[in-house]
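Engineer: Model the following, please.
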Amino acid sequence: MSQSDNTQINESAQVSNSNDAVTTEKTVNNVDSVSIGFCDFYTGSTASDKSYCSANIGTQHYGETYQISVLYSREGSNLNDGSLVKKTVDDEGFLHVSSSNAFSYYPDKAIVTIYDMDNNVLDEETYYLDPVSGSQSYS
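Structural biologist: Numbering: from 1, shown residues only. Next comes the predicted model:
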């Protein structure tokens, strides 16, 4: 997909009353959507191990900065508060985030939400996890 396919240009004309000159203002907005392609989760086996989430949004977003929230729960009770964390997309298209602390229980559900820097939701996915330690991948 070329840059012109991903970019929207908005033009507006402004007229100045002092000399009737017309100026054109262009605003470029990237319209390449952000969506979670798949997520990898890892939870350790000891009481001090944090949980980790790696959300893939695509290599086309390499170097871009977003906010990510991962709300973990177990049997309907939240294990964390799902705080927003600012992260930059790596060269493989991932946003990596760890829980702020270890959980008393293995999570059985994770809600992953990606936001732009203005706190607008770009995508949200819900994953039903096996409540065990180790790695799990979902698409």
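
Engineer: Burial check on the residue lying closest to Gly44 once chain neighbours are set aside, number of neighbours?
Structural biologist: Nearest non-adjacent residue to Gly44, counting by C-beta to C-beta, 6 or more residues apart in numbering: Ser133, 5.9 Å away. (Each C-beta comes from the backbone N, C-alpha and C, glycine too.) Each residue near Ser133 was counted by other C-beta atoms under 10 Å, and the total is 13.

Engineer: Same question for Phe41.
Structural biologist: Applying other C-beta under 10 Å, I find that Phe41 has 22 neighbouring residues.

Engineer: do the same with Ser45
Structural biologist: 9.

Engineer: Tell me how far Gly93 lies from Ser99.
Structural biologist: Computed as C-beta to C-beta, to the nearest Å, the Gly93 to Ser99 distance reads 22 Å.

Engineer: and what of Leu122?
Structural biologist: Using C-beta to C-beta, Leu122 is found at 21 Å from Ser99.

Engineer: So for the two, which sits in the more crowded spot?
Structural biologist: Ser99 (20 against 16).

Engineer: follow-up on the earlier one: please name the residues that touch the residue nearest to Gly44.
Structural biologist: Thr43, Gly44, Ser45, Asp49, Tyr106 (C-beta atoms under 8 Å, 6 or more residues apart in numbering).

Engineer: Select from these the one having the most neighbours.
Structural biologist: Neighbour max across those (other C-beta under 10 Å) = Thr43, 24 neighbours.

Engineer: For Asn120, see how far away that one is.
Structural biologist: Distance, Thr43 to Asn120, by C-beta to C-beta: 30 Å.

Engineer: for this protein, what are the low-confidence residue spans?
Structural biologist: Across the chain, the ranges flagged by pLDDT under 70 are 1-32.

Engineer: follow-up on the earlier one: right, and out of the contacts of Ser133, which lies closest to Ile68?
Structural biologist: Using C-beta to C-beta, Thr43 is the member of these that lies nearest Ile68, at 17.3 Å.
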